[in-house]
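Trainee: return a 3D structure for these sequence lines:
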Amino acid sequence: MNQHYHIHTKEKPHSSKLCGKSFSLKKSLNLHYLTHTKERPHSCEVCGNAFSLKNSLNLHYLTHTKEKPHSCEVCGKAFSQRNSLNLHYLTHTKEKQHSCEVCDKSFSSKKNLNRHYLIHTKEKPHSCEVCGKAFSLKNSLNLHYFTHTKEKPHSCEVCGKAFSRKNNLNVHYRKHRKENTQSATRELFWDGPRNLEPCSDDEGDTHLSKRSRRTSGRTSGSNGLTVQKTRLHGSSWMELSGPEAETLPLGHRGVPQVM
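Mentor: Sure, this is the predicted structure:
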């Protein structure tokens, strides 16, 4: 009971003899010591990854089950860990409580601030076991290993192309979005009839200048079709209207090209 009251009083009477960090419970201090001894007695049965705390292992299992029980009330984005959700909320509030003492740059989390300090100290504690290249961040080292294993775990859902880095996949998706935008632009640009009759070479030569869009005339046939020859930026076609237009095939040269 006395230990429980420390939670409410914010007292932290149990301090680490190695780093000075304090805890309200003796049990929490004992668990903390595992971070200094590097002991990791709790191993994942799926991938073999080991953790110093049982709770950390339980959270890790969510990466395998793909469960994301914690959802953002603002945008609906879901997370496997509550702590990740709390950090995400800072992106909505724009709070950056942790400031760098060297350059005054601010961060939403203490973890990101500590990573930032490595830029100033030039420390690169994570080395590649294959080629010896060193990195300041563990995540950067993990990404580097893909250059040796040739693994490409991130695949495009549109075309199937694979990438070793998630960032490269995101850049690739922009190309698809650009292509979709261009396709939509073509549809908006050409709002005329979709059933067009191709012009012959002789008819194409009689159209007006390359840079102009002008009508060369209208003719009406006995079948009720109205034919209008038009030229736009070097592309020529015959625009048809009337009750029979819907039954005509789409001409190869009848669609204006938008570059």
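Trainee: quick check: mean pLDDT across stretch 26-39?
Mentor: Stretch 26-39 carries an average pLDDT of 82.
Trainee: how about the helices in the protein?
Mentor: For the chain, the helices defined by DSSP state H cover 2-9, 26-37, 54-65, 82-93, 110-121, 138-149, 166-189, 201-205.
Trainee: which of these has the lowest mean pLDDT?
Mentor: Minimum mean pLDDT among the helices of the chain: helix 201-205, a mean of 51.
Trainee: what are the buried residues along stretch 108-118?
Mentor: Across stretch 108-118, burial judged by 16 or more other C-beta atoms under 10 Å covers 108, 113, 115-116. C-betas here are computed from N, CA, C, even on glycine.
Trainee: and for stretch 36-56?
Mentor: Buried, per 16+ other C-beta under 10 Å, within stretch 36-56: 42, 51-52.
Trainee: likewise stretch 94-102?
Mentor: H98.
Trainee: may I have it exported as CSV, CA atoms only?
Mentor: Provided in CSV are the C-alpha atoms of stretch 94-102 (Å, rounded to 0.1, in the frame of the first residue of the first chain):
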residue,chain,number,x,y,z
LYS,A,94,2.1,20.6,-32.8
GLU,A,95,3.7,20.4,-29.3
LYS,A,96,7.5,20.0,-29.2
GLN,A,97,8.4,19.9,-25.6
HIS,A,98,12.0,18.6,-26.0
SER,A,99,14.6,21.2,-27.2
CYS,A,100,18.2,20.7,-28.2
GLU,A,101,20.6,22.6,-26.0
VAL,A,102,23.0,23.0,-28.9
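Trainee: averaged pLDDT, it. What do you get?
Mentor: On average, the pLDDT along stretch 94-102 is 82.
Trainee: partner residues bridging the residue lying closest to S84 once chain neighbours are set aside?
Mentor: Leaving aside its chain neighbours, S84 sits nearest to H70 (7.3 Å; criterion: C-beta to C-beta, 6 or more residues apart in numbering). Following DSSP bridges, H70 is listed with bridge partners F79.
Trainee: circling back to that earlier point, can you say which of the helices of the chain is nearest to S15?
Mentor: helix 26-37 (7.5 Å; C-beta to C-beta).
Trainee: orientation of the closest one relative to helix 54-65 in degrees?
Mentor: 70 degrees (axes from the mean of the first three to the mean of the last three C-alpha atoms, to 10 degrees).
Trainee: thought K21 was touching H14?
Mentor: No - applying C-beta atoms under 8 Å, one finds K21 not in contact with H14, separated by 9.6 Å.
Trainee: so for these two, which sits in the more crowded spot?
Mentor: Using other C-beta atoms under 10 Å as the criterion, K21 and H14 rank with H14 on top: 18 against 13.
Trainee: perfect, that will be all.
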